[in-house]
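Asker: For reference, the sequence and a predicted model appear below.
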Amino acid sequence: MLDDFFTRALVAGIGVALVAGPLGCFIIWRRLAYFGDTLAHSALLGVALAFLFQLNLTISVFLVCALISLLLLGLQRRATISSDALLGLLSHSALAIGLVCLAFMSWVRVDLMGFLFGDILAVSKTDIAIIYAGGLITLGLLAVIWKSLFASTVNYELAEAEGLKPEVANTIFMLLMATVIAISMKIIGVLLITALLIIPAATARRLASGPEQMAVMAAASGCLAVVGGLFGSLEWDTPTGPSIVVVALLLFILSFAPIKHLVRYRSSAQKGAADG
Amino acid sequence: MSSLLTLQNAGLYRDGKWLVRGVDLSIRKGEIITLIGPNGSGKSTTAKLALGIRRPSEGTAQRQENLRVGYVPQKLSIDWTLPLSVERLMRLTGSLSAASMDAALDRTGVLHLKKAQVQNLSGGEFQRVLMARAIARQPDLLVLDEPVQGVDYSGEIALYELIADIRKELDCGVLLISHDLHIVMAATDSVVCLNGHVCCQGSPSAVAQSSAYQQLFGPRTQSALAVYEHNHDHTHLPDGRVMHADGSITEHCHKHDGHHHAEEARNA
Ligand SMILES: Nc1ncnc2c1ncn2[C@@H]1O[C@H](COP(=O)(O)OP(=O)(O)OP(=O)(O)O)[C@@H](O)[C@H]1O
Ligand SMILES: [Mg+2]
Ligand SMILES: [Zn+2]
Ligand SMILES: [Zn+2]
């Protein structure tokens, strides 16, 4: 089954969307969109290093992203410049260094478009294995730190005062972000990863009434976007990343339609029926 | 009996100034301590030192091991991007049975808001929910940073009565912060008056003993509130300097300034 490139892309894409949804919720809640961009841009440096040292691409990207996020944590603590300036600095320098490195390595032929916008043909069975292994670990760890991460998102000091360890949760969260960016790069492309993180979560926010519910809905709407986007990409021969993002956006726009009232109406009707 | 928490000569230095300095404070089981002082006097900072949210730059802050804390912060703004119901907020930092959640919400008079989104609550309602959340945890130590802000007057009295009841039930320590300089909760065992340092401390006297206040309050209020009489040997001037009993003026008023007065206040 996985011999078909399109099936492979579908399986991989769904794996990515399942992880991106819940993490994307935290990006929205904590207003970290810019942080996601920074990590994604630095992924290109990971690509360059992978070619230079003959490493596995996903692992190399993960290492660079992890390094950048830990660097950011460290620098923020010393904060002499604001953290958005810091993010901009890291983001664009990593992107620039990555591009320059790639240009120097004239012996490798890199499909730059593929890295920037995703490439449906590029997904191998190994990639699928890495995506699902990384994805499972990410979701597992997220479940473990969920309470403390969510509590510290609501109020850091409250979480700390009541004995949760927000600092540990934050550090793990940064590493999970690095993981999700590394595994989603081939499907969605470096430039649009943040969109896959944010747009399904934003769609879910319109419909959800609790954080856990929002995470599940974000994963679901991400999966829909991936499936729709991949089919569109096949049909019209468009790059996969942008196609997926366009579908995600359509879903978001759709969430403004009176679906919510419909859902509410039905659930209250059911409730009424149950009460009666 | 051993203390739940102890601050010894604790101080916090930030951005080139001391936010608060030289605070000695200890809370035992079943004891209610009220921190009072004007705006910016370091009350919240002291509470954060006590809770371990801030590490003291000077002195020490010690807490009993595995202390179960219930905290109501002074300000807590919940972002609109967070889908959060009262019910979910109640379970924010620990699990909670449905029965004890309902009981706690009922005690603060907001059980009917259980399903509401927290962003839609009024200021006073939200404060009551925060209070319910803190007591539902059955804490060993309650830290309440201006818990009655935005609560109407009769609600304020009711919440003070609730705090006193909870203290009796759980035998927990309570650190209560209020910016009312003269009227404190009657159940308070000890008042600490802050203004960048401990200006004076002592216990409040019942309203009934002060005829001026007696006429001001009704009988129920009389039992919930008490009057605190300050005992200062120095005055804080508007420009931040300090005038001492002997008329001398110094930039600050700290132990090393040589005019310290905690001893006298305690004896008084
Ligand atoms: N993180 C910080 N960095 C620098 N200064 C701070 C910080 N937090 C508080 N301050 C300053 O420390 C002083 C004490 O603040 P604190 O919040 O403890 O006062 P407070 O007694 O609780 O006042 P209020 O009655 O207004 O709540 C204030 O002057 C405040 O501006
Ligand atoms: Mg305060
Ligand atoms: Zn003083
Ligand atoms: Zn005083």
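Answerer: Nice, I can see it. Ligands and ions are numbered 1, 2, ... in the order given.
Asker: I'd like the average pLDDT over the host helix or strand of A:L230.
Answerer: Secondary structure assignment for A:L230, by DSSP states H and E: helix A:211-236. Throughout helix A:211-236, pLDDT has a mean value of 94.
Asker: so B:V151 sits in a strand?
Answerer: No - under DSSP: H, G, I helix; E, B strand; the rest coil, B:V151 sits outside any strand and is assigned coil.
Asker: got the contact list for the spatially closest residue to A:L112 that is not a sequence neighbour?
Answerer: Distances taken as CB to CB, 6 or more residues apart in numbering or on different chains place A:L102 nearest to A:L112, at 7.3 Å, with adjacent residues excluded. Every residue, glycine included, has its C-beta placed from N, CA and C. By CB atoms under 8 Å, 6 or more residues apart in numbering or on different chains, A:L102 lies in contact with A:L44, A:V47, A:A48, A:F51, A:V108, A:V110, A:L112.
Asker: Please tell me how far A:L102 sits from ligand 2.
Answerer: Using CB to the ion, to the nearest Å, A:L102 is found at 53 Å from ligand 2.
Asker: That residue: helix or strand, and which one exactly?
Answerer: Assigned by DSSP H and E, A:L102 falls in helix A:83-104.
Asker: still on that earlier bit, out of the contacts of A:L102, flag the one nearest to ligand 1.
Answerer: Checking those against ligand 1 with CB to the nearest ligand atom, the nearest one is A:L44 at 37.2 Å.
Asker: Next, the contact list for that closest one, please.
Answerer: A:L44 touches A:A94, A:L95, A:G98, A:L99, A:L102, A:F115, A:V190, counting by CB under 8 Å, 6+ apart.
Asker: who's in contact with the residue of the stretch 151-268 of chain B found nearest ligand 4?
Answerer: Closest approach between the stretch 151-268 of chain B and ligand 4, counting by CB to the ion: B:C193, at 3.0 Å. Applying CB under 8 Å, 6+ apart to B:C193 gives the contacts B:I36, B:G37, B:L181, B:C199, B:C200, B:Q201, B:Y228, B:H230.
Asker: Next, please give the residue ranges for the helices of chain B.
Answerer: B:43-51, B:86-90, B:98-107, B:123-136, B:153-170, B:211-216, B:219-224, B:262-267 (DSSP state H).
Asker: and among those helices, the most buried is which?
Answerer: Highest mean neighbour count among the helices of chain B (mean count of other CB atoms under 10 Å in any protein chain shown): helix B:43-51, with a mean of 25.
Asker: what residues does the stretch 1-150 of chain B put near ligand 1?
Answerer: B:R14, B:D15, B:L19, B:G37, B:N39, B:G40, B:S41, B:G42, B:K43, B:S44, B:T45, B:Q74 (CB under 6 Å from any ligand atom).
Asker: which of those residues has the most neighbours?
Answerer: Neighbour counts for these (other CB atoms under 10 Å in any protein chain shown) peak at B:K43, which has 26 neighbours.
Asker: tell me the pLDDT at it?
Answerer: pLDDT at B:K43 comes out at 94.
Asker: Do I have it right that it meets B:H179?
Answerer: Yes - judged on CB atoms under 8 Å, B:K43 makes contact with B:H179 at a distance of 7.4 Å.
Asker: overlap in contacts of the two?
Answerer: With CB under 8 Å, 6+ apart as the test, B:K43 and B:H179 both reach B:I36, B:G37.
Asker: ok, how many other residues are close to the residue of the stretch 151-268 of chain B found nearest ligand 2?
Answerer: Closest residue of the stretch 151-268 of chain B to ligand 2, CB to the ion: B:I177 (6.4 Å). B:I177 has 22 neighbouring residues, counting by other CB under 10 Å.
Asker: mean confidence score for whichever helix or strand comes after the helix holding A:L102?
Answerer: Using DSSP H and E, the helix or strand that directly follows helix A:83-104 along the chain is helix A:112-117. Regarding helix A:112-117, the rounded mean pLDDT is 80.
Asker: can you check stretch A:248-262 too?
Answerer: Per-residue scores along stretch A:248-262 average to 82.
Asker: Need the residues that contact that stretch.
Answerer: Identification of contacts with stretch A:248-262 by CB under 8 Å, 6+ apart yields A:195-196, A:199-200, A:202-203, A:206-207, A:221-222, A:224-225, A:228-229.
Asker: same thing with stretch A:218-229?
Answerer: A:10, A:13-14, A:16-22, A:24-25, A:187, A:196, A:199-201, A:203-204, A:240, A:243-248, A:250-251.
Asker: What pLDDT is listed against the closest residue to B:M185 other than its chain neighbours?
Answerer: Excluding the flanking residues, the one nearest B:M185 by CB to CB, 6+ apart is B:Y160, at 4.7 Å. With respect to pLDDT, B:Y160 scores 91.
Asker: about what we covered before: mind putting the contacts of stretch A:248-262 into CSV with neighbour count?
Answerer: Listed next are those as CSV, based on neighbours: other CB atoms under 10 Å in any protein chain shown:
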residue, neighbour count
A:A195, 25
A:L196, 32
A:I199, 27
A:P200, 28
A:A202, 22
A:T203, 29
A:R206, 17
A:L207, 17
A:S221, 27
A:G222, 30
A:L224, 18
A:A225, 29
A:G228, 17
A:G229, 30
